[in-house]
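Chemist: Have a look at this prediction, sequence included:
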Amino acid sequence: MIRFLLILIFVSTAGNVVAEEPAPRALSLLPREEIDYSRMGVSAFVNDQRFGTISEQFLEVRDSLKLRYVRVLFGWNDDVQPSPDSSVDYSFYKDIARNIPQGVQALVIITGAPSWMADPANWSNGDPRLTFHREFLKPTIRKFRRNRKIRAFQVWNEPNIDLPESSYLDVKDSPEHYIELLRRSYRYIKRRAKGKEVVSAATTSIIQNYPETLQYNEALYSLGAEDYLDIWGVHIYGTSVERFLLPGGPTDFLNQLSKPIWVTESGRQGVNEQLNYVERVWPYLRSIVPGIDRLYFYQFTEGSSDASNTFGLKNLTVGSNLSDLYIHLRDR
């Protein structure tokens, strides 16, 4: 019955299929189910000291929320390397790595590019992707490969998004260039960081901006991406879950993958919307895509948005600083 009603909603909105957020009728049809906490992680970037020290934030994730998987960011940007002649400042990333608590496993995103990468004169052999590999990915792997609490490295983040770093590396409209980046990174990580897993970059939400985002994923698959990864990364936002029923759509695509799938970002804005979203969408996803092995909520803290539109489990709005999902996880 649920599938039939979702199909009806899809048919009624088919003329506007690229709309990002129609009324979430489909979401309300999904039953609320218990969260599989054993598969749940959270993006915890620990870069805002207003929520506590790095150690305090990680311990809160482990001890208060009782979660054992965190996704952290090691970004290449102007703060860590302001010029091509300067050394990369790893001090913050070293603090993150040394403060991952016992019993917690980290997924590290290696992504980004400083503004000086806009100038091709700063590229190695005229190749921006080779430059990223030589100047940031390789030294990052060498520094952190022996950290036993780091389980996996995710190579880049949302390559199809319209951001300067995606333009610098020319991956936004070129799955071929992302595959080049992934292949080189995979081979290096598997050779120099024994036992660590490689997660592919997730695109923007696979059910949004339909069908362009799905087509980027399909191109990666056709180009042999599964030969250069251990885990396929996916992002899932939005309430248009009826798109999972489209013939040849996201469900069919994900179910053809031979590698495990990690949803490395998923969430909803608003402190009173998060629990409803996770209790409805996440169990549904795993029922239709059995290959989904882990899901990371986005995100632990957010200091830049108020309670009504934050993705954070915690925010800085007085009286509404904890979301319903945070309270649920804490009190279970």
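Modeler: Yes, it's here. Numbers count the residues shown, from 1 in each chain.

Chemist: Run a quick check on Ile35 versus Asn276, I expect a contact.
Modeler: No. With contact defined as Cβ atoms under 8 Å, Ile35 and Asn276 do not form a contacting pair (11.6 Å). For the C-beta atoms, the positions are set from N, CA and C on the backbone; glycine is no exception.

Chemist: Do I have it right that Gln208 meets Tyr237?
Modeler: Yes. The pair Gln208 / Tyr237 is scored as a contact, 6.4 Å apart, by Cβ under 8 Å.

Chemist: In the chain, spot the helix with the most residues.
Modeler: Secondary structure of the chain read by DSSP state H shows that its longest helix is helix 175-192.

Chemist: Other residues contacting that one?
Modeler: 110, 129-130, 132-133, 137-138, 141-142, 145, 153, 155-156, 159, 169-171, 196, 198, 200-201, 216, 219-220, 223-225, 227-229 (Cβ atoms under 8 Å, 6 or more residues apart in numbering).

Chemist: what sits against Ala219?
Modeler: Applying Cβ under 8 Å, 6+ apart, the residues near Ala219 are Pro175, Glu176.

Chemist: Which of the three states applies to it?
Modeler: When the structure is split into helix, strand and coil by DSSP: H, G, I helix; E, B strand; the rest coil, Ala219 lands in helix.

Chemist: any chance you could map the strands in the stretch 51-200 of the chain?
Modeler: Listed in chain order, the strands of the stretch 51-200 of the chain (DSSP state E, counting those that start in this stretch) span residues 69-75, 105-111, 150-155, 197-200.

Chemist: And the last one, what does it pack against?
Modeler: So that's strand 197-200. Of the remaining helices and strands, those touching strand 197-200 by 3 or more Cβ pairs under 8 Å, 6 or more residues apart in numbering; DSSP states H and E are strand 150-155, helix 175-192, strand 232-237.

Chemist: ok now the following helix or strand past the last one, how far from the chain's centre?
Modeler: Pointing back at strand 232-237 there. Where DSSP states H and E defines the elements, the next helix or strand beyond strand 232-237 is helix 250-255. Put simply, helix 250-255 sits 18 Å off its chain's centre (Cα atoms, centre = their mean, to the nearest Å).

Chemist: now swap in stretch 210-217 and tell me
Modeler: Here stretch 210-217 is found 16 Å from its chain centre; the criterion is Cα atoms, centre = their mean.

Chemist: which residues make contact with it from outside it?
Modeler: Outside of stretch 210-217, the residues within contact range by Cβ under 8 Å, 6+ apart are 17-18, 159-160, 175, 203-207, 234, 240, 243, 249-250, 253.

Chemist: What pLDDT does the model give the closest residue to Leu130 other than its chain neighbours?
Modeler: Spatial nearest neighbour of Leu130, chain neighbours left out: Ser124 (4.9 Å); criterion: Cβ to Cβ, 6 or more residues apart in numbering. The predicted local distance difference test score for Ser124 is 97.
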